[in-house]
Every structure is written in C-alpha cells, then in structure tokens.
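>>> sequence unknown, structure follows:
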C-alpha cells in the first residue's frame, strides 16, 4: 500500500514528538508500505514568525515576503524528521513544497493548488525512500513561494495522496477522530467510526476543527480515503469516505452525525437599504472583490419608505473590513454584533426524514434561545444565536437527537 501521513503542529511540537512521529512512520514502513509524510510547522512556530514580521511592519507586510517567511517553519520540520529517520537506518528525503511539485496560483498567503507534478516523489518511492514533504506551501509557475492558508498542511496531504493515487491518507492530530460534537462542550460526545465527505465538509465549514474544509472538499473530488486519528495513542480513528461506503453493514445511515459550534462569527446588519433590483448584487460583489467570506444572508420585507434591512454573517476577523466595504452610503445605518455564534445540525439522514428542522427549533425554544438567522441545505441546518447560549444549544441538540447512543 501507499500511505500518505500528515502530522500537525502539536504532533511535531518538539524534538521528542518528532522522535515519536519517526517511530510511527517506521512502523508503517516496516509493515510493508510505501510512505509519504506531510508535516506542519512545530507548534507555535508560525505564530512566532508572524510576531517577528509584525515587529518590523505593524500593517500587513508584503504578502510574497510573508509566504517566504512562513513556509520556512514546515521546511524545518520536514528536514528534522528526515534526519531522524536516516539516523535510525531508514532512507528518507525532505522535500519542500516546490521540490514535491506542488504548483499553486499566485494568491499569496491563501494560494490554491492547481497541479502537482509528483515525478520526484514517485522516483524516490520507487527506490524505497520515505518522502517527507513540507506542508502548507507550494510554488507558482513563475517560481514564487506561496502558502495555502491556515490548515494548509491538510490540503497538501490530500493533494499529494490524490496525485500519487495513494491507498489511504492518514491525518494525525491531537484528537482521536471526529466526534458527534466537541467533547469539551458535551462530555457524552461519541467518536464516529465513519462519516461521509459531505457531512465532514459541513462540520468542517461550520466550525469543527478536526479537518480543514478545503482539504475535505479536495478529498471528495479526488476520491481520497481519509482517516483522522491521534498521534498520541493507537486508538482507531474516523474514516471519511463516500456515502456508498457508509452503509457496509446494511443498516440505515444515522439520522444526524454531529452538532457543530462556530464561535468565529459576526453579524452585520444594514438598515435602510434601497429595495430595488441590483442593490444586493452590488453589495455582495463588493464584498467578494475584497475576498470577504459571507456566510448566512437574510433580507427583510420592504418597508413603506421603499427600504429594507439586509443582514449577513462574516468571520470576526473580517467584520471591520466588511464594515468598510458596505459603509458607502448604500444603507442608513450599519450595526455589527460579534456576540453571536453559529450552531449547526449535520447529517445525510436529513435527506430522507422530515421534522429535523422543526425539532431543532423546538429544542432551542424550550431552552429560551432566540434564533436570529437560519440557513439550511440538504444535509444541514445552521442557526445564529447569541454567543452566551451557544454551548447550551449544542448540549440540548445533542441530547434531543440522542447522539450519545
């Protein structure tokens, strides 16, 4: 088998942890597998590099320089792990994203992978070498170093697995797998054996921190089988795969797979917006042009004066940028509320069952929790509520859907 393993920052947090990772990699190799390892920077290193940059430039430094700086963290880890493996008698080689053939666009600090030339990796694997790839990074066609954004090493691992047609991609973190909700909020949360790409994608985009949502999206596209598991124990993890592989036991798919809580939310309310065709399109185009990620949107009915209220949510770190974009006279007033959270109920079982939404609304009503905004898809219901009620909402919904069973 060809197995791609990815180790996150806490898994390679210090020299002792890198030593433990080396042992895991060797065990996988000794079991008769070819191995490619993708690594993150050691925990805290990326933040330290950002602080170094901010010492010289309080405003955002030039993006190309930041990518050159930040990509160094992963290269340090890959080199150290390769050195550790070689010292134990196993042939290994460290590759930067560039050496691994990861080609991206030129959207610095949040580049997208457009192709992978896996020739050098395949040649090394053919010689029995363990390939250690620096995650989170790539190179443009012009040779400029880029980074893929937070969580980008997950994306690197999935892309490499897809390019090499790997049999499995293992994502090692500091948690055992995917749980029905955050165990720190609900101690009765249960680890899932399997979850579909679509469910994991919804949970990842709704605030679950186990996997980066872009990596799940790419895994679905490339049909890469993912397993997320802990690097601190030998417990079985959670398999993320297609729906066709979910019901191997012949039993019906679970109704709800999980409850997610996203605390990184801010609600922007524009009052007195002229209610005529094209106004909303103009507002959201301006936000899109600034790469501001708009999530939930709600528009009220028109008032007698021909205006309406328009509300939407954005990540908290983008709320001031959003205010600056929409504060152009298109609304009489703009309000921003950062004391909100998004609670989401996710499950492919919703496709064939009715009453899921009404139960969610009733559960929150019984707890005295007011729902400010609602968004639905085929397999999820998301609700914006006041931040102080977020964890209560998660526990109540988890109990109502009997996810502990």
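Ah, there it is. Note that the structure is a prediction, hence the values are computed from the model and not measured.
>>> which helices and strands does the longest helix along the chain pack with?
Looking across the chain with DSSP state H, the single longest helix is helix 63-87. For helix 63-87, the packing partners by 3 or more CB pairs under 8 Å, 6 or more residues apart in numbering; DSSP states H and E come out as helix 15-30, strand 34-39, helix 45-56, strand 92-95, strand 130-134, strand 137-139, strand 145-147. Glycine gets a C-beta too; all of them are placed from N, C-alpha and C.
>>> Report the buried residues of it.
63, 66-82, 84-86 (16 or more other CB atoms under 10 Å).
>>> Could I get the phi/psi values of residue 239?
phi -90, psi 130 (degrees, to the nearest 10).
>>> what pLDDT does the closest residue to it other than its chain neighbours get?
With CB to CB, 6 or more residues apart in numbering as the criterion, residue 239 has its nearest non-adjacent residue at 4.8 Å, and that residue is residue 194. pLDDT, residue 194: 92.
>>> so what secondary structure elements neighbour the host helix or strand of residue 397?
Residue 397 belongs to helix 390-400 when assigned by DSSP states H and E. Packing partners of helix 390-400 (3+ CB pairs under 8 Å, 6+ apart): strand 258-274, strand 333-346, helix 356-366.
>>> Would you mind giving the ones you listed as CSV with mean pLDDT and distance to residue 289 added?
Converted to CSV, these look like this (pLDDT from 0 to 100; distance: least, CB to CB, whole Å):
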stretch, mean pLDDT, distance to residue 289
strand 258-274, 93, 16
strand 333-346, 95, 18
helix 356-366, 94, 34
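>>> which one of the ones you listed lies closest to residue 394?
Evaluated over the helices and strands packed on helix 390-400, closeness to residue 394 peaks at strand 258-274, with 5.1 Å, by CB to CB.
>>> Any regions of the stretch 101-250 of the chain where pLDDT drops low?
For the stretch 101-250 of the chain, applying pLDDT under 70 flags the ranges 206-209, 244-250.
>>> Let's see that with 80 instead.
204-210, 212, 243-250 (pLDDT under 80).
>>> what about the strands in it?
102-104, 113-116, 130-134, 137-139, 145-147, 168-173, 194-196, 226-230, 238-241 (DSSP state E, counting those that start in this stretch).
>>> what helices or strands is the first one leaning on?
Translated: strand 102-104. Using 3+ CB pairs under 8 Å, 6+ apart as the test, strand 102-104 ends up in contact with strand 113-116, strand 137-139, helix 152-163.
>>> from the chain's centre, how far out does it sit?
In terms of CA atoms, centre = their mean, to the nearest Å, the centre of strand 102-104 is set 19 Å apart from its chain centre.
>>> Next, the residues that contact it from outside, please.
Strand 102-104 is contacted by residues 111-117, 137-141, 146, 148, 156, 159-160 when judged by CB atoms under 8 Å, 6 or more residues apart in numbering.
>>> Write the PyMOL selection for whichever of the residues you listed are buried.
To isolate the buried ones among those in PyMOL, judged by 16+ other CB under 10 Å, type:
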select buried, resi 111+113+116+137+138+139+140+146+148+156+159+160
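>>> looking at it, residue 17 is touching residue 11, isn't it?
Yes. Counting by CB atoms under 8 Å, residue 17 does reach residue 11; the two are 6.1 Å apart.
>>> Give me the common contacts of those two.
In contact with both residue 17 and residue 11: residue 231, using CB under 8 Å, 6+ apart.
>>> Ok, which of the strands of the stretch 101-250 of the chain comes nearest residue 281?
Among the strands of the stretch 101-250 of the chain, strand 113-116 sits nearest to residue 281 (CB to CB), with 28.7 Å.
>>> Tell me the helices and strands packed up against that closest one.
Against strand 113-116 (3+ CB pairs under 8 Å, 6+ apart) you get strand 102-104, helix 152-163.
>>> Throw the ones you listed into TSV and include distance to residue 279, thanks.
Below are the helices and strands packed on strand 113-116 laid out as TSV (distance: least, CB to CB, whole Å):
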stretch	distance to residue 279
strand 102-104	36
helix 152-163	36
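>>> Out of the ones you listed, which is the most enclosed?
Highest mean neighbour count among these (mean count of other CB atoms under 10 Å): helix 152-163, with a mean of 28.
>>> how far off strand 34-39 does that helix point, in degrees?
Interaxial angle of helix 152-163 relative to strand 34-39 (axes from the mean of the first three to the mean of the last three CA atoms, to 10 degrees): 160 degrees.
>>> okay, the angle between helix 152-163 and strand 168-173?
Using the same axes, to 10 degrees, helix 152-163 lies at 170 degrees relative to strand 168-173.
>>> could you give the angle of helix 152-163 to strand 226-230?
Going by the same axes, to 10 degrees, helix 152-163 makes 140 degrees with strand 226-230.
>>> and helix 152-163, how far from the chain's centre?
The answer for helix 152-163 is 13 Å, by CA atoms, centre = their mean.
>>> same thing with stretch 309-325?
Relative to its parent chain, stretch 309-325 has a centroid offset of 21 Å by CA atoms, centre = their mean.
>>> So residue 52 versus residue 224, what's the distance?
Remark: distance between residue 52 and residue 224 (CB to CB, to the nearest Å) = 35 Å.
>>> Those two: which has the busier surroundings?
Each of residue 52 and residue 224 has its neighbours counted (other CB atoms under 10 Å); residue 224 has more, 26 against 10.
>>> what bits of the stretch 251-400 of the chain have low per-residue confidence?
In the stretch 251-400 of the chain, residues with pLDDT under 80: 251-254, 351-352.
>>> Which of the helices and strands packed on helix 63-87 sits closest to residue 349?
Evaluated with CB to CB, those place strand 34-39 nearest to residue 349, the distance being 33.0 Å.
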